[in-house]
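[1] Mind looking at a prediction? Sequence and model below.
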Amino acid sequence: MEKNNIDFTHWFFDLDNTLYSANTGIFDQIHKKMGEFISKNLKVSLKEAKFLQKKYFIENGTTLHGLMINHNINPKEFLSYVHDINFSIVKPDEELNNLIKKIQGKKIVFTNANISYVKRILTNLNLNNIFDDIFDIERMNFLPKPNLKTYKKLISTYNVKKGILFDDIPQNLFPASDLGLKTVQIYNKKLLKELNGTSKKIDYITNNLNEWLQKWIQNN
């Protein structure tokens, strides 16, 4: 990584599969609960529910947004149900925590999850007192990433001068790039193939956030 001497005013971090690996078991639980919720509320088979779950996620940024648009699902009921899971499997990464503490500038979690879920995860990661704020799905008015309106609201809310965004989904980085933020993709090998890919809008790609931050801190 080249020496940049850039002082970012704001550092935005996605949560799942960015600050920790949700592929270790959290997503398995959530996906199961989503399938159950959709099957029950739309009165469809579990197979059809799983199809809709994936379809809406790809087309709308979140399964929830697709359910809201197409079926008028109550978002708080959905989130309450699918986040009723075992959080104890999430463990802290003290090396990452120490690196994040060293970052100069505002540090904000920017996620399609809701605030109660974020706080549970951050507590288990020992990161709950490190971030300056959380910009969650409710503050987005349930317009999830990668909706451009949400990114404009994000930048306006914090009066961002020089910002950088970390996310594992390429499409979630594109609007940030369009609005002048630097972008870092945390490569997720389990990401749906429909959502993966490369783009000139992504400034950096890494499969290890710890290594990326360590190099950045050393070079800046």
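    Done, it's in.
[2] only C-alpha atoms for contact and neighbour calcs from this point on.
    Will do.
[3] and after the longest helix anywhere in the chain, which helix or strand comes next?
    Identified as the longest helix of the chain according to DSSP state H is helix 26-42. Per DSSP states H and E, the first helix or strand lying C-terminal to helix 26-42 is helix 46-60.
[4] The helix or strand following that next one: how far from the chain's middle?
    Downstream of helix 46-60, the first helix or strand assigned by DSSP H and E is helix 63-71. Offset of helix 63-71 from its chain centre (Cα atoms, centre = their mean, to the nearest Å): 18 Å.
[5] got a list of contacts for helix 63-71?
    Residues outside helix 63-71 that contact it (Cα atoms under 8 Å, 6 or more residues apart in numbering): 42, 52-57, 59-60, 73-75, 78, 142-144.
[6] who wins for neighbours among those residues?
    Counting neighbours by other Cα atoms under 10 Å, residue 144 leads the contacts of helix 63-71 with 25 neighbours.
[7] Run a quick neighbour tally on the closest residue to that residue other than its chain neighbours.
    Of all residues not flanking residue 144 in the chain, residue 112 sits nearest, at 5.6 Å (Cα to Cα, 6 or more residues apart in numbering). If you count neighbours by other Cα under 10 Å, residue 112 ends up with 24.
[8] I figured residue 112 hits residue 136, correct?
    Yes: between residue 112 and residue 136 there is a contact at 5.9 Å, judged by Cα atoms under 8 Å.
[9] one step back: quick check: angle from the longest helix of the chain to helix 63-71?
    When axes from the mean of the first three to the mean of the last three Cα atoms, to 10 degrees is applied, the directions of helix 26-42 and helix 63-71 differ by 10 degrees.
[10] Now do helix 26-42: which elements does it pack against?
    helix 46-60, helix 75-82 (3 or more Cα pairs under 8 Å, 6 or more residues apart in numbering; DSSP states H and E).
[11] In it, which residues are buried?
    By 16 or more other Cα atoms under 10 Å, the buried positions in helix 26-42 come out as 26, 27, 30, 31, 33, 34, 35, 36, 37, 38, 39.
[12] So what's the model's average confidence on it?
    Averaging pLDDT along helix 26-42 yields 95.
[13] Also stretch 174-194?
    Averaging pLDDT along stretch 174-194 yields 88.
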